[in-house]
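> quick one, what's the 3D model for this:
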Amino acid sequence: MNFMDQKTNLITLSDVAAAAGVGESTVSRVLRNHGSFSEKTRARVMAAVERLGYVPNRIAGALASTGTPLVAILVPSLSNIVFADLLSGVTRTLENHGRQAVFAVTDYDLDKEEALVAALLAWRPAAVMLVGMEHSEGTRRMLRAAGCRIIELLDIDGDALDIAVGFSHVAAGRETAARLADAGRRSIAYVGHDLKRDTRGAKRFSGFCAGLAEAGLTLADREVRDAPSSVGEGKAGLAALLERSPAIDAVYFSNDDMALGGYFYCLAKGIAVPDRLAIIGFNALEICRHTPQPIASVLTPRIEIGQRAAELFLSDAPSQVLDLGFSVVTGGTL
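The predicted structure is shown next:
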């Protein structure tokens, strides 16, 4: 029997009932572990389930009773540890309360996000969680009409659709500029990645420029790579920047991937850090805390954001914006 033939012979609740010699309602009670049935009956039903390879239709069962247990979560990427941490916080909390998470990856593309939201809403999830507060108008219309909880994550700079849990990227950028200015840096530059796609990175850059202005400084130069963030782009970005502006004394990188690349470039070229060049990133990734000189960064509570978002959903909390803040880690490069 080929795969297509198997698809037309899906094992049903009725098949399990016939194999176990009981009624469908009895099978349903056993699988839900709810209602009256003997241990002997349970054993017969579970033996039939195992023998037939039956998988319960949880969606249909949920819709027929108290609602779907599914929570849809959309993240920009799975290759970035930031989003893995976020998902860890969400899923641990949901699973402890019998909820199931389903994931989709948007690749920082708002049109793709809109298509994925439409597909996931067709499953009638109990909640939709999305990273960020920027969405297409089509996505906003669907979410407003969805009839489920909407939770935006990792950002609070904008108008929340329902619940937002995160921190201010604008404030993080501004605080980074203030720390560099307080450290006596006066020729400060920026190395970043695609700011059109990464809207939170763009907010940090905006706050950074505002923070420089508040300190009486202007941005000395910037190198924005037309590519996703990576260690390689950070290395290449700093090389291009220093070739063009060799007198700069500090660089703010859009995130720690980029900052790590810049740090490696300094090691390879014998550039003294931080005496000759200060480096600071964003996210305070573990790897950057274990370089020969721990890289200065902004610590973000990613796991806690996921946990608190799930808790607010589970408690049916009112619409709100929850700011969990951030902290600057000076490390050894500032």
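
> which positions within the strand or helix carrying residue 117 qualify as buried?
Under the assignment given by DSSP states H and E, the secondary-structure element containing residue 117 is helix 110-121. Across helix 110-121, burial judged by 16 or more other CB atoms under 10 Å covers 110, 112, 113, 114, 116, 117, 120, 121. (C-beta placed from N, C-alpha, C; glycine too.)

> pLDDT and distance to residue 256 added to those residues, as a markdown table?
Written out in a markdown table, the entries for the buried residues of helix 110-121 read as follows (pLDDT from 0 to 100; distance: CB to CB, whole Å):
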| residue | pLDDT | distance to residue 256 |
| --- | --- | --- |
| 110 | 95 | 25 |
| 112 | 97 | 25 |
| 113 | 96 | 24 |
| 114 | 95 | 30 |
| 116 | 96 | 27 |
| 117 | 94 | 29 |
| 120 | 92 | 30 |
| 121 | 90 | 34 |
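
> could you dump the residues you listed into JSON lines with distance to residue 199 added?
Rendered in JSON lines, the data for those read as follows (distance: CB to CB, whole Å):
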{"residue": "110", "distance to residue 199": "9"}
{"residue": "112", "distance to residue 199": "14"}
{"residue": "113", "distance to residue 199": "11"}
{"residue": "114", "distance to residue 199": "15"}
{"residue": "116", "distance to residue 199": "17"}
{"residue": "117", "distance to residue 199": "16"}
{"residue": "120", "distance to residue 199": "21"}
{"residue": "121", "distance to residue 199": "22"}
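
> grab the nearest non-local neighbour of residue 44.
With sequence-adjacent residues excluded and distances taken as CB to CB, 6 or more residues apart in numbering, residue 44 is closest to residue 20, at 4.6 Å.

> kindly report the same for residue 302.
Counting by CB to CB, 6+ apart, residue 302 lies nearest to residue 85, which is 3.9 Å off, once chain neighbours are set aside.

> please tell me how far the one you found sits from residue 46.
Plainly put, residue 85 is 37 Å away from residue 46 if you go by CB to CB, to the nearest Å.

> what about these two, which has more around it?
Ranked by neighbour count (other CB atoms under 10 Å), residue 85 and residue 46 place residue 85 first, with 20 against 16.

> touching, residue 37 and residue 28? I think so.
No. At 10.1 Å, residue 37 does not count as touching residue 28 under the criterion of CB atoms under 8 Å.

> next structured bit after the one helix or strand in the chain whose mean pLDDT sits lowest?
Within the chain, no helix or strand scores below helix 3-7, which has a mean of 40 by mean pLDDT, DSSP states H and E. Using DSSP H and E, the helix or strand that directly follows helix 3-7 along the chain is helix 13-20.

> buried residues in that next one?
For helix 13-20, the neighbour count (16+ other CB under 10 Å) marks 13, 15, 16, 17, 19, 20 as buried.

> quick check, central residue of the protein?
The structure's the chain has its C-alpha centroid closest to residue 83; by CA atoms, centre = their mean the separation is 3.4 Å.

> and for residue 239, the neighbour number?
Residue 239 sits with 17 neighbouring residues when counted by other CB under 10 Å.

> helix, strand or coil for it?
Applying DSSP: H, G, I helix; E, B strand; the rest coil to residue 239 yields a three-state assignment of helix.

> excluding its backbone neighbours, what's nearest it?
Leaving aside its sequence neighbours, residue 239 sits nearest to residue 265 (CB to CB, 6+ apart; 5.8 Å).

> other SSEs contacting the host helix or strand of that neighbour?
For residue 265, the host element (DSSP H and E) is helix 256-269. Using 3 or more CB pairs under 8 Å, 6 or more residues apart in numbering; DSSP states H and E as the contact test, the elements touching helix 256-269 are strand 188-192, helix 231-244, strand 250-253, strand 278-280.

> now do it against strand 188-192, angle only.
Regarding helix 256-269 and strand 188-192, their directions subtend 120 degrees when assessed with axes from the mean of the first three to the mean of the last three CA atoms, to 10 degrees.
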